[in-house]
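K.L.:
Got a sequence here, can you build the structure:
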Amino acid sequence: MASPTFNVLPHTLSKRARDELTERLGVDPQDRKHRGKAADALLSVELALGAFEPLRANVEGAPRPADYRRVLTALRDDAARLANALGNLDGYMRDDLTVTRGLDVYAVERALSELHAAARDAVAEHAALGSRGRPASEALRWVVGELCAAYAKGRRGKRGRRRRVGNQSNLTEWEQDRLEFVRIALDDARIAYPTNLPKVVRAATAEGPSEAVS
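P.N.:
Now for the predicted structure:
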């Protein structure tokens, strides 16, 4: 069942992936002097990868506006019917509930009235949102964004500047390594991604498409 909170177990990177990711960070896996910062970045990678499946199940599985309307409309109508049924009780039955059974019928009626009003307002609010739901790639974009942040945190060296060749701009070495860093991590966790992974990276990092510096 979808929930706004969930637990995460880090994904354990294979040794091969750890070595390849460390190299993409500009660090020799055997270099004890500089691999500490890389280790911190790899821990962030493992946490991000471990979050993918529960994030996809819980966030992307959240109810759509149409689901809210369907369920809460039924709840609103049920509250109205029950309130009407209580209001139509004759004096004998009402006394049986209140005097003999000790039920505070007035409190129940107030609660039903509040439930009806809350459900009514929620239905109206979600009716204005449409029914598109969440994009299917939201969990992937989040994970890719975290992987990019881990790369930026652990990468040695400067980012550099893009160079334009005609109408095209080439990725810098820093950006190429980041792309491969993300690809290696996703492959190790067996997380599927579209063929145009650079576009996902741009969306996850809010970078513009191919803005070069001459």
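K.L.:
can you pull the pLDDT of the most far-flung residue of the chain relative to its centre?
P.N.:
Relative to the C-alpha centroid of the chain, counting by Cα atoms, centre = their mean, Tyr92 is the outermost residue, at 54.6 Å. Tyr92 is assigned a pLDDT of 92 by the prediction.
K.L.:
Strands of this structure, residue ranges please.
P.N.:
In the chain, the segments counted as strands under DSSP state E are 163-165, 168-170.
K.L.:
For Lys37, which non-adjacent residue is closest in space?
P.N.:
Computed as Cβ to Cβ, 6 or more residues apart in numbering, the closest residue to Lys37 that is not its neighbour in sequence is Gly154, at 5.4 Å. (Glycine included, C-beta is placed from N, CA and C.)
K.L.:
do Ala119 as well
P.N.:
With Cβ to Cβ, 6+ apart, the residue lying closest to Ala119 is Arg76, at 3.7 Å.
K.L.:
What separation do you get for that neighbour and Thr98?
P.N.:
Arg76 sits 26 Å away from Thr98, going by Cβ to Cβ, to the nearest Å.
K.L.:
Tell me which of these two has more neighbours.
P.N.:
Between Arg76 and Thr98, counted using other Cβ atoms under 10 Å, Arg76 has the larger neighbour count: 19 against 14.
K.L.:
residues contacting that one?
P.N.:
Neighbouring residues of Arg76 by Cβ atoms under 8 Å, 6 or more residues apart in numbering: Leu115, His116, Ala119, Arg120, Val123.
K.L.:
let's see it at 7 Å
P.N.:
Arg76 sits next to His116, Ala119, Arg120, Val123 when contact means Cβ atoms under 7 Å, 6 or more residues apart in numbering.
K.L.:
Compute the distance between it and Val99, please.
P.N.:
From Arg76 across to Val99, the span is 31 Å (Cβ to Cβ).
K.L.:
same check, this time on Ser113
P.N.:
Using Cβ to Cβ, Ser113 is found at 23 Å from Val99.
K.L.:
Which one of those two is surrounded by more residues?
P.N.:
Taking other Cβ under 10 Å, Ser113 and Val99 do not tie; Ser113 has more neighbours (13 against 9).
K.L.:
can you pull the pLDDT of that one?
P.N.:
Confidence at Ser113, expressed as pLDDT, is 95.
K.L.:
And the helices in the protein?
P.N.:
Using DSSP state H, the helices found in the chain span residues 15-24, 35-58, 65-87, 91-95, 105-127, 138-154, 173-188, 197-205.
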